[in-house]
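In: Predicted coordinates and the sequence they were generated for:
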Amino acid sequence: MSNPRTLSAGWSTWLLWVLVNALAWVVIGALIRPLSPFPEGNWGAVAFVVAVSITGAVLGAMQWLVLRRWVNQVRRWVMVSTVGTLVAAFPTAYFEVLDMYIGPRLELDALLSGAAFGTALGTIQWVALRRRMHRAPWWIVANAIGWSASFFVGDVLYTVWEEARAIISYGIVTGGVAAAITGIALVVLLRNPVSDKPDSKESTA
């Protein structure tokens, strides 16, 4: 029998997903702001890892608040998201320093770094979702598109914000754009849970 919660997944779930992700960036901005700008040398590397770990943990915790309503036994989502964010930070940093442009001002490296971040994060999160939802690989695609778009939009808007507001404002827009796209994928996936299948391996887990 189908789980009624999965059948009702729709715009309210999408909106909640966007809101919790945006709120996560408010928390993240407040927590990592004392670490910015990163100092040079080893302490800068340590501060960077700490900031990225905080980002992944907070995002994972906020996302878990939504996922726990809809997907039974989603385990270790906070840990998976933290590790995924750490792994994703490295290819993202590579593309960020390429300094490539579309036209005179729009940065191509923002699109590439966002795609790299989303692909890496989405792939590691997919490990936690693949036995819970059918077509879970689409989560990777949605994250690649969502984070690419969000990095690009955030990069454009970053130039017009005051520095004091930049971290939180950039994060809210970045997280909101990514969540708007990944939220669509989430709703579709929630309507195709593995647990709906009577012969699912999940029933024996």
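Out: Great, that's in hand. Numbers count the residues shown, from 1 in each chain.

In: Below-threshold pLDDT in this protein: ranges please.
Out: Residue ranges of the chain with pLDDT under 70: 1-9, 36-44, 72-73, 94-107, 158-168, 194-205.

In: Show me where it has its helices.
Out: Listed in chain order, the helices of the chain (DSSP state H) span 4-7, 11-32, 42-70, 77-96, 108-129, 138-158, 163-190.

In: As CSV, the ones you listed with mean neighbour count would be great.
Out: For glycine as for every other residue, the C-beta is placed from the backbone atoms N, C-alpha and C. Output for the helices of the chain, formatted as CSV (neighbours: other CB atoms under 10 Å):
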stretch, mean neighbour count
helix 4-7, 13
helix 11-32, 18
helix 42-70, 18
helix 77-96, 19
helix 108-129, 22
helix 138-158, 21
helix 163-190, 20
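
In: List the contacts of residue 86.
Out: Each residue near residue 86 by CB atoms under 8 Å, 6 or more residues apart in numbering is listed here: 49, 52, 53, 56.

In: is it true that residue 155 touches residue 110?
Out: Yes - using CB atoms under 8 Å, residue 155 makes contact with residue 110 at a distance of 3.9 Å.

In: show me the contacts for residue 175.
Out: Residue 175 is in contact with 21, 22, 24, 25, 59, 150, counting by CB under 8 Å, 6+ apart.

In: Out of those residues, flag the one nearest to residue 142.
Out: When the contacts of residue 175 are ranked by distance to residue 142 (CB to CB), residue 150 comes first, at 11.9 Å.

In: How about the contacts made by the closest residue to that closest one other than its chain neighbours?
Out: In this structure, residue 150 finds its nearest non-sequential neighbour in residue 177, 3.7 Å apart by CB to CB, 6 or more residues apart in numbering. Residue 177 sits next to 146, 149, 150, 153, 154 when contact means CB under 8 Å, 6+ apart.

In: measure residue 180 to residue 143 for me?
Out: 12 Å (CB to CB, to the nearest Å).

In: and what of residue 136?
Out: From residue 136 across to residue 143, the span is 12 Å (CB to CB).

In: again with residue 15
Out: In terms of CB to CB, residue 15 sits 19 Å off from residue 143.

In: what's the answer for residue 121, then?
Out: For residue 121, the distance to residue 143 equals 6 Å [CB to CB].
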